[in-house]
Each structure stands twice: as structure tokens, then as C-alpha cells.
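K.L.:
Need coordinates for the following:
(one chain, ligands or ions: 1)
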Amino acid sequence: MNNVVVPAPAATIKHDIANIALAEKGKKRILWADHDMPVLANIRERWEREKPLLGLRMAACLHVTAETANLVRTLKAGGADLLLVASNPLSTQDDVAASLVKDFSIGVAAIHGEKPPTYYKHVAMALDHRPHVTMDDGADLVTAMTFISLDWLNKFDPEKQKPVRDWAEKFTPEQRKTLFNDLIGSMEETTTGVIRLRAMEKKGFLKFPVIAVNDAETKHFFDNRYGTGQSTIDGIIRATNTLIAGRKIVVAGYGWCGKGVSLRARGLGAQVIVTEVNSVRALEAAMDGFAVMSMADAAKVGDVFITVTGNMHIIRREHFLVMKDGAMVCNSGHFDIEIDLVALNKETELYTPNVRPEVEEFRLKSGKRIYVIGAGRLVNLAAAEGHPASVMDMSFATQALATEYCVKERGKLAAKVHEVPRFIEEFVSNTKLASMGITIDTMTSEQVDYVNEWEHGT
Ligand code: ADE
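P.N.:
All right, here's what the predicted structure looks like:
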């Protein structure tokens with residue numbers, strides 16, 4: 001369903017985007033992605049009739065891509081008054097942002113390549129929208145709202161995050177405490193965000209319900225594994241045009257994303273080396289047939305390094321110093337802290353940006369060259385287009401239905417991190433299977449009895 005109604009004039013829609021003239025190209029890409037998002041389209045069709053989000057203001061801090069555009073179109077069809085801002089400075093597709101404003105009358109504040117003060121100006125715009133529901137990819141909105149309601153304005157970086165602090169200072173300390181009291185709840189898209197939110201909950205600072213969309217099987221089994229697996233390799237290939245076959249590819253982290261990246265790299269003929277800190281996962285990688293070693297050893301032999309750990313400084317000074325000439329380094333974890341670029345800069349004698357789009361060359365004092373792809377930010381979004389629509393269909397259908405659930409349960413959900421209810425996962429997986437023309441078995445009544453009994457033996 002393409003709910004392309006007569007759009008309102010762009011001037012009446014809140015926006016801060018690169019160039020509205022890019023809208024035509026963006027619209028084509030949004031509609032192209034929509035072909036591969038049947039579950040989301042199914043929800044959109046129902047919501048156009050039922051309007052479950054009518055009267056609600058929403059702020060979404062997500063990667064501004066063609067796939068996200070179809071999610072926010074769905075939220076709008078459900079009646080939400082929505083503002084979309086970027087969750088990463090390099091992931092915004094400017095043509096998509098333009099089309100959302102011009103063709104779909106949806107507010108967007110996101111510009112590809114925006115520097116931190118602009119990024120946080122957009123976060124401040126999201127807060128100023130006074131949302132009833134928020135959606136995060138990395139917990140930036142929830143973190144900002146929590147700092148403000150605790151009146152911890154000194155937690156905001158004085159330079160980078162100044163716009164958020166300035167916005168909060170418009171209110172008195174008393175007002176700040178109650179500023180987000182209308183918030184019904186928040187959805188979280190990614191592993192890193194869920195980790196931050198669980199830490200917040202554990203320390204007693206989570207003041208509203210959050211639904212961990214990432215933890216739904218219909219999200220991380222597919223998006224993290226097959227989405228990150230394919231789009232990460234896609235980003236590396238688009239940026240470098242390097243041959244994967246025969247290369248030693250080092251994957252740091254064997255969570256769902258690391259599993260997907262390793263699988264796809266092997267599929268293209270790479271010799272994959274996995275590094276891990278978790279002994280069970282390391283064992284799993286070994287039994288999945290990958291070489292497993294420490295980063296200290298892997299650094300000496302790897303051709304391409306991919307970090308997907310969610311932790312910081314996985315590749316450090318001591319690793320750069322022993323790498324081979326021409327080694328390529330990139331990251332597919334949420335934040336740009338997995339590769340210690342400050343240490344790399346310190347060891348660099350000659351820096352050349354843009355040796356190819358999205359590739360920087362660091363010539364070390366030893367003469368060795370190291371290439372960083374995508375500035376150490378999510379390489380799949382910086383150098384490619386992110387996960388394909390078919391997989392985002394499931395993630396975003398889960399997001400949409402989690403939002404509907406959160407709104408229906410308004411006032412009843414405790415201020416903690418919640419799982420996505422099973423009925424949502426069943427709807428998403430059954431609808432996806434149906435869209436793929438796949439029919440599965442159902443248990444016979446005899447089988448239902450069998451699995452519900454304990455007396456049956458051999
Ligand atoms: N995260 C990874 N890929 C994405 C995409 N295509 N759209 C939105 N978020 C994403």
C-alpha cells in the first residue's frame with residue numbers, strides 16, 4: 001500500500017534536511033524497498049483503518065534509510081504525529097529524508113555527514129516534539145530524557161551535546177523533573193541500546209517502560225545475523241572493491257552479528273578468523289569451523305578486520321603496530337569506539353583522506369599503510385545502504401507492533417525493560433512465511449497432548 005496522499009507543503013512540516021530537491025530519487029527508493037516489506041505493509045493497511053496511534057506524538061531516532069521511511073509511513077498511517085531524527089551521523093540517506101518531507105508529509109531532522117552539534121540539535125528537536133512514545137536505535141533519546149529528568153545537565157558534553165543542554169535549560173529544574181511525564185514508553189532497536197537500558201534499569205534510573213525490540217527472535221535472528229552479515233560485506237566491497245576470496249578476514253565478536261559476518265565472509269571464500277572474550281561463543285565459533293585466536297595473534301595475519309562487539313577499543317595501538325601493510329579495518333558495531341582511531345592517529349606520519357570514497361589511508365611511522373573504511377562508524381550504513389528491506393521488514397514490523405502493544409497497555413507496564421510479547425513474534429513470522437509462499441506443519445492433537453504430558457516414557 002502506498003499511502004501517497006496529497007502531501008502538505010514542505011514548509012508546514014518540521015524539517016532540517018540536506019536538500020528537498022532530492023525527493024524524487026528518495027521516493028523511488030522508498031517504494032522499491034516497500035516491495036520487499038510485506039509484513040509492514042500488512043500492518044499499515046490495518047492501521048489506516050484502525051488508527052491505533054491517533055493523537056500521539058512520536059519521536060524516532062533511527063537510521064534514516066528507505067526501510068525506515070516505510071516504518072515511519074506506517075506509524076503515520078496509524079495516526080502518529082512523528083518526527084524522525086538520525087541515530088548516526090553517517091547513515092542518513094538525504095534523498096529519503098527529502099522525500100519523507102515532500103511526498104509523505106513526515107517531519108525529518110537528519111543530514112548525512114552531520115557533525116556532533118548538528119546531530120544533537122536534531123536530538124533536541126526530537127525532545128522538543130514532546131513525544132508520548134519514542135523509538136531509539138542506540139538509546140540516545142532515552143539517555144537524554146533521563147539525564148534531563150534527573151537534572152544531570154553536566155552529563156552532556158559541553159561542546160558536542162550543547163544543543164540538548166541549551167534546550168533543557170529553557171526549563172526550570174522543577175519543570176525538568178516532570179518534562180517527560182507524558183511518555184508512555186520507548187522502543188529500542190539495537191543490542192547496544194538494550195545493554196545501555198538494562199544498565200540504566202539495574203541502577204534504578206529507568207523511569208518508563210522500554211520494549212527491547214532487538215531481543216525479539218524476529219529481530220536479532222534475522223536482522224543481526226543475515227542483515228549485518230550481508231550489508232557489512234557489501235559495505236567493504238563497495239568501498240574498496242577488494243576480493244574477499246582467499247583473504248584472511250578477522251571478525252571480532254561472535255554474537256548474532258559476528259556469526260552473520262563470519263558466515264557470509266566464508267561464503268565468499270575468505271579464511272575467517274574469529275576473536276572473542278566469551279569462552280562459550282569462542283567454542284561455538286571453533287565448532288562452526290572458524291579459526292579462533294586472540295586479537296594479538298590475528299592482528300599479525302589479517303587482511304581485513306571487522307569489529308562487531310558492542311565494546312570499546314577492540315583494535316588498539318599494539319594491534320595496529322603489528323598489522324600487515326595494506327590491512328583494512330572497519331566496524332559494524334553500533335558506536336564508533338571499537339577501533340581506537342586516536343591511537344592510530346598518534347602512530348600516523350601521513351594521513352590521506354578519501355583515497356577512495358569512505359576510505360582513509362594512515363601511513364605509520366614504519367611506512368606501513370592501514371586503511372580505515374567508513375571512519376570507524378557502521379560500515380554497512382556508511383559505505384552501503386544498510387540491511388536489505390526484506391530483513392528490515394521483520395525488524396520494523398516488530399517495532400510497529402511493539403509500539404501498538406505499549407500504547408494499548410498504557411499505564412500498565414512497569415518502568416523496566418520488557419520483552420516483545422510472543423504473539424507479536426508469531427504474527428511477524430507467520431506473515432513473513434506466508435509472503436514467501438511457505439506453508440508449515442501444525443501439531444496434531446495427539447502431538448499437542450504428548451508435549452503437554454509428562455508421564456509418557458520411551
Ligand atoms: N540498520 C541496519 N540497516 C538498516 C536499514 N536499512 N534501515 C534502518 N536501520 C538499519
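
K.L.:
So the closest residue to the ligand within the chain: helix, strand or coil?
P.N.:
When distances are taken as Cβ to the nearest ligand atom, the chain reaches nearest to the ligand at residue 386, 2.8 Å away. All C-beta spots, glycine's among them, are computed from the backbone N, C-alpha and C. Secondary structure state of residue 386, per DSSP: H, G, I helix; E, B strand; the rest coil, is coil.

K.L.:
With residue 250 instead?
P.N.:
Assignment for residue 250 (three-state DSSP): strand.

K.L.:
Secondary structure element holding residue 424?
P.N.:
Using DSSP states H and E, residue 424 falls within helix 422-435.

K.L.:
Local confidence estimate at residue 456?
P.N.:
At residue 456, the pLDDT value in this model is 77.

K.L.:
Is it correct that it falls within a strand?
P.N.:
No. Residue 456: not assigned to a strand; according to three-state DSSP it is coil.

K.L.:
contact partners of the helix or strand containing residue 298?
P.N.:
Secondary structure assigned from DSSP H and E places residue 298 in helix 295-301. Contacting residues not belonging to helix 295-301 are listed as 248, 250, 252, 273, 275, 305, 314-315, 318-320, 322-324 [Cβ atoms under 8 Å, 6 or more residues apart in numbering].

K.L.:
Now the element after that helix, going C-ward?
P.N.:
For helix 295-301, the following helix or strand on the C-terminal side (DSSP H and E) is strand 304-307.

K.L.:
What mean pLDDT does that following strand get?
P.N.:
For strand 304-307, the per-residue pLDDT averages 98.

K.L.:
same thing with stretch 332-342?
P.N.:
Averaged across stretch 332-342, pLDDT comes to 95.

K.L.:
Likewise for stretch 204-217?
P.N.:
96.

K.L.:
Mind naming the longest helix for this structure?
P.N.:
Taking DSSP state H as the criterion, the chain has its longest helix at helix 389-408.

K.L.:
Next, the angle helix 422-435 makes with it.
P.N.:
150 degrees (axes from the mean of the first three to the mean of the last three Cα atoms, to 10 degrees).

K.L.:
how about helix 389-408, does it reach the ligand?
P.N.:
Yes. Applying Cβ under 6 Å from any ligand atom, one finds helix 389-408 touching the ligand at residue 392.

K.L.:
Buried residues of that helix, list them for me.
P.N.:
Under the neighbour-count criterion of 16 or more other Cβ atoms under 10 Å, helix 389-408 has 389-407 buried.

K.L.:
What of stretch 414-434?
P.N.:
Judged by neighbour count (16+ other Cβ under 10 Å), stretch 414-434 contains these buried residues: 417-418, 420, 424-425, 427-429, 431-432.

K.L.:
do stretch 238-254 as well
P.N.:
Buried residues in stretch 238-254 (16+ other Cβ under 10 Å): 238-240, 244, 247-254.

K.L.:
pretty sure residue 151 belongs to a helix, no?
P.N.:
No. Per three-state DSSP, residue 151 lies outside any helix segment and is coil.

K.L.:
What is the burial count for it?
P.N.:
For residue 151, the count of nearby residues is 15 (other Cβ atoms under 10 Å).

K.L.:
Can you report phi and psi for it?
P.N.:
Backbone geometry at residue 151, expressed as degrees, to the nearest 10, gives phi 60, psi 40.

K.L.:
you'd agree it is up against residue 174?
P.N.:
No. Using Cβ atoms under 8 Å, residue 151 is not in contact with residue 174, being 9.1 Å away.

K.L.:
can you list the residues of the stretch 251-400 of the chain near the ligand?
P.N.:
So the stretch 251-400 of the chain meets the ligand at 381, 386-387, 392 (Cβ under 6 Å from any ligand atom).

K.L.:
Let me see the contact set for residue 227.
P.N.:
By Cβ under 8 Å, 6+ apart, residue 227 lies in contact with 260, 386-388, 391-392, 395.

K.L.:
Over to residue 322?
P.N.:
Contact analysis of residue 322 by Cβ under 8 Å, 6+ apart lists 296, 299-300.

K.L.:
give me every residue that touches the nearest residue to residue 334 once chain neighbours are set aside.
P.N.:
In space, and not counting its chain neighbours, residue 334 is closest to residue 192: 3.7 Å by Cβ to Cβ, 6 or more residues apart in numbering. Contacts for residue 192 (Cβ under 8 Å, 6+ apart) come out as 138-139, 310, 333-335.

K.L.:
got a winner among those for most neighbours?
P.N.:
Neighbour-wise, these (other Cβ under 10 Å) top out at residue 333, 29 neighbours.

K.L.:
okay, now residue 78: neighbour count?
P.N.:
Neighbour tally, residue 78, other Cβ under 10 Å: 24.

K.L.:
Just to check, it is in contact with residue 404?
P.N.:
Yes. Using Cβ under 8 Å, residue 78 is in contact with residue 404, at 7.3 Å.

K.L.:
Report the set of residues contacting both of those two.
P.N.:
Common neighbours of residue 78 and residue 404 (Cβ under 8 Å, 6+ apart) are 47, 52-53.

K.L.:
quick one: which of those is nearest residue 441?
P.N.:
Using Cβ to Cβ, residue 47 is the member of the shared contacts of residue 78 and residue 404 that sits closest to residue 441, with 31.1 Å.

K.L.:
Surely that closest one and residue 54 touch.
P.N.:
No. Using Cβ under 8 Å, residue 47 is not in contact with residue 54, being 9.7 Å away.

K.L.:
of these two, who's got more company?
P.N.:
Between residue 47 and residue 54, counting by other Cβ under 10 Å, residue 47 is the more crowded of the two (22 against 12).
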